[in-house]
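# need coordinates for the below:
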Amino acid sequence: MTLKPYRGVKLYIYKDPSTRTIRYDELAEYLQGLIPRFKVEVREEILAYAQRNWGVELRAVAYSIASTRVVDVLGCEPVGEPLPGEVAFEEKAITNPGRKVGGILYEGYALQRLLSSLIPKAERRYGTLHTILTHRLLVTKELGEGRGHARTIILGNPVLISTTGLVEAPALPAEVYVKAQLFRGPDMQQLIVAEERQRLGRRVLSFDDERFTEVLKGYTLMGLFYYIFGDPFCGSPSCRLYNAHTHEELIEAQIESGRLCERHQCMLDSLKAASITRDS
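Modelled structure (predicted):
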């Protein structure tokens, strides 16, 4: 059952050019075939689009993005007042969106609010959802958590999906961390983790993995289910809406299964029935 009468959704997907294996036509076709009264438009990277079409000024948005950086993962608070060098770095990142930003954390909700403020009012009306793919690594500190954690997705409108988060946020097998802890230096620990990722191969998602499109089908659906039903996640490990905390869980839900569970498929079917009734 939907929260409001279902009259269809227009979805705008903003590209992440730093992840080159995403097949956007396939992603759009999958979603349009699954959901009734549903249209998808794929746009260029969000900040490039905003400058070209919404009159967003480079220096101002670079300052705002730099202000959402997190330096203390325990407190997980955005810095607020960025340094000039941080703003200059973000300017370069914006003008070259095909280059990944490594080793920098951004507070997910602060970045979401910022990107939402860039979207014109005419494109924020009911029935319009924006899903932004970003290479920036998002962190949030939820109620009851002692520190910030990397996130794969920030729900709402716009939806933020971190392609870096899909690689970095889910946990690797426990033995990887045990092996890394045998070394004191963080550089050596990172090297061990990188070597273990290589060894694990297709058991984990990697950067520019050809399976990224399949994974994004599920995460885009999470954003859509939250928007339409207010119900983004599933407790079944074989459902695309399963909120995976490990790479093993992510691979099972999005690659090995690659489908919705019966309950969530029925929810989509209810939209089809509503559309037929509306058209008759």
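# make it CA atoms for all contacts and neighbour counts henceforth
Noted.
# what ranges do the helices span in this structure?
24-34, 46-53, 58-66, 84-95, 108-118, 163-168, 174-180, 186-200, 212-229, 247-251, 262-279 (DSSP state H).
# show me the contact partners of the fourth one.
Right, the one you point to is helix 84-95. Leu47, Ala48, Leu58, Arg59, Ala62, Tyr63, Ile65, Ala66, Arg99, Val101 (CA atoms under 8 Å, 6 or more residues apart in numbering).
# if I look at the second one, how far off is Ile154?
In other words, Ala48. Using CA to CA, to the nearest Å, one gets 21 Å for the distance from Ala48 to Ile154.
# higher neighbour count, those two?
For Ala48 and Ile154, the more surrounded residue by other CA atoms under 10 Å is Ile154, and the numbers stand at 21 against 18.
# residues contacting that one?
Gly108, Tyr109, Gln112, Leu160, Ile161.
# how about CSV for the residues you listed, with distance to Ala273 and neighbour count added?
Below are the contacts of Ile154 laid out as CSV (distance: CA to CA, whole Å; neighbours: other CA atoms under 10 Å):
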residue, distance to Ala273, neighbour count
Gly108, 36, 29
Tyr109, 35, 19
Gln112, 33, 20
Leu160, 30, 28
Ile161, 30, 27
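# and the furthest pair within the residues you listed?
For the contacts of Ile154, the farthest-apart pair by CA to CA is Tyr109 and Ile161; their separation is 12.0 Å.
# show me where pLDDT drops low in the stretch 151-280 of the chain?
When residues are selected by pLDDT under 70, those of the stretch 151-280 of the chain lie in 274-280.
# again, only this time at 80
Counting by pLDDT under 80, the stretch 151-280 of the chain contains low-confidence residues at 184, 272-280.
# got it, and the stretch 1-150 of the chain?
By pLDDT under 80, the weakly predicted segments of the stretch 1-150 of the chain are 1-7, 143-146.
# what's stretch 32-50 in contact with?
By CA under 8 Å, 6+ apart, stretch 32-50 touches 7-17, 24, 28, 31, 56, 94-95, 97, 118-119, 132-133, 268, 271-272, 275.
# for it, buried residues please.
Ile35, Pro36, Phe38, Lys39, Val40, Glu45, Ile46, Leu47, Ala48, Ala50 (16 or more other CA atoms under 10 Å).
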